[in-house]
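Colleague: Need a 3D model of the following:
(4 chains)
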There are 2 protein chains.
Amino acid sequence: MSVPLYQAKAEFFKTLGHPARIRILELLSERDHAVHELLAAIAIEPSSLSQQLAVLRRTSMVVSRRDNGEVVYSVSVPEVRDLLAAARQILSGIIAAQGDLEDELSSMSAAR
Amino acid sequence: MSVPLYQAKAEFFKTLGHPARIRILELLSERDHAVHELLAAIAIEPSSLSQQLAVLRRTSMVVSRRDNGEVVYSVSVPEVRDLLAAARQILSGIIAAQGDLEDELSSMSAAR
DNA sequence: TCAGGACTTGAAGAAGTGTGCAATTCATGT
DNA sequence: ACATGAATTGCACACTTCTTCAAGTCCTGA
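Modeller: Numbering: from 1, shown residues only, chains lettered A, B, ... in the order given. Next comes the predicted model:
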């Protein structure tokens, strides 16, 4: 491979590293959406949405088709849903752990 | 939650969006490693390694302990391995698809 | 208590990203 | 052929993130 695998992985995760792109993928993993639907669901400038869609298109994570005067997007890799679920899992674990830590700290300062 | 969930997710993926951090997590998901072991495995400046370890520490994805004059790191969330596996899966799917596309293109240009 | 190794931190410049405005493309309906 | 609505693209500016060098910190063994 020309690009080392770990670098390809990093680039892949980078494309997920933006709130709008996460929301787009979450919406698209439920069902296909037209751009104006995404626009209504995500509070963002149209041009900014387009930019983020372009990023996702470049990495082949979504594809678009024109349908009756509107552009409809869909996820091209169904496993994206699994990935988002795995992330949710890990994230909730981390957040719970941080919550515990905060509890501990506050009980410490309460105790002494 | 103070930070919207989709933003927390984006930040989470951002921390994965760097080749050195991916390699660190892959190495650590096999077994704990001391910093000098990571250093030997990853071609990178010591200070740069430290920076990346700090990023992973800040997001609670790894923890460090001092052991006999060396600092040993370990992943704090075992599910990280699943996540990396899911990413590998998706990535290989995308790469395979791109390979097919290239095959198609080259056979087209060969044909005409 | 000092020396040395193992790491970490600070900071500055280079490089890469995101945002919003204006201009453009594209396909439809008239 | 043209006007329109729907999306996209080109840019410039602000903001982040990386990388490296220099300067610490923190054990541990002499």
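
Colleague: so what pLDDT did the residue sitting nearest the centre point of chain A get?
Modeller: Residue closest to the average C-alpha location in chain A (C-alpha atoms, centre = their mean): residue A:22, at 1.9 Å. Confidence at residue A:22, expressed as pLDDT, is 97.

Colleague: swap in the one 3 residues further on?
Modeller: For residue A:25, the model assigns a pLDDT of 97.

Colleague: Now do the phi/psi pair for it.
Modeller: With angles defined as degrees, to the nearest 10, residue A:25 sits at phi -70, psi -40.

Colleague: So it versus DNA strand C, what's the distance?
Modeller: As defined by C-beta to the nearest atom of the strand, to the nearest Å, residue A:25 lies at a distance of 14 Å from DNA strand C. Quick note: C-beta positions are derived from backbone N, CA and C, even for glycine.

Colleague: Let me see the contact set for that residue.
Modeller: A:16, A:56, A:61, A:62, A:75, A:80, A:84 (C-beta atoms under 8 Å, 6 or more residues apart in numbering or on different chains).

Colleague: which non-adjacent residue is nearest the fourth one?
Modeller: Right, the one you point to is residue A:62. Excluding the flanking residues, the one nearest residue A:62 by C-beta to C-beta, 6 or more residues apart in numbering or on different chains is residue A:56, at 4.5 Å.

Colleague: From what I see, the one you found and residue A:15 are in contact.
Modeller: Yes. With contact defined as C-beta atoms under 8 Å, residue A:56 reaches residue A:15; the gap is 6.6 Å.

Colleague: So between those two, which is more surrounded?
Modeller: residue A:56 (23 against 18; other C-beta atoms under 10 Å in any protein chain shown).

Colleague: So residue A:76 sits against residue A:59, correct?
Modeller: No. Look at residue A:76 against residue A:59 with C-beta under 8 Å: they stay out of range, at 9.7 Å.

Colleague: joint contacts of the two?
Modeller: By C-beta under 8 Å, 6+ apart, residue A:76 and residue A:59 have these common neighbours: residue B:94.

Colleague: Would you map the strands across chain A?
Modeller: Applying DSSP state E to chain A gives strands spanning A:33-34, A:62-67, A:70-75.

Colleague: The second one to strand A:70-75, inter-axis angle?
Modeller: So the one you mean is strand A:62-67. Using axes from the mean of the first three to the mean of the last three C-alpha atoms, to 10 degrees, the direction of strand A:62-67 lies 150 degrees away from that of strand A:70-75.

Colleague: Run me through the strand neighbours of strand A:62-67, direction for each.
Modeller: strand A:70-75 (antiparallel) (DSSP bridges).

Colleague: tell me, how many neighbours does whichever residue of chain A sits closest to DNA strand C end up with?
Modeller: Closest contact between chain A and DNA strand C, by C-beta to the nearest atom of the strand, is at residue A:47 (3.2 Å). Residue A:47 has 8 neighbours, counted by other C-beta under 10 Å.

Colleague: got a pLDDT number for it?
Modeller: Looking at residue A:47, the pLDDT reads 97.
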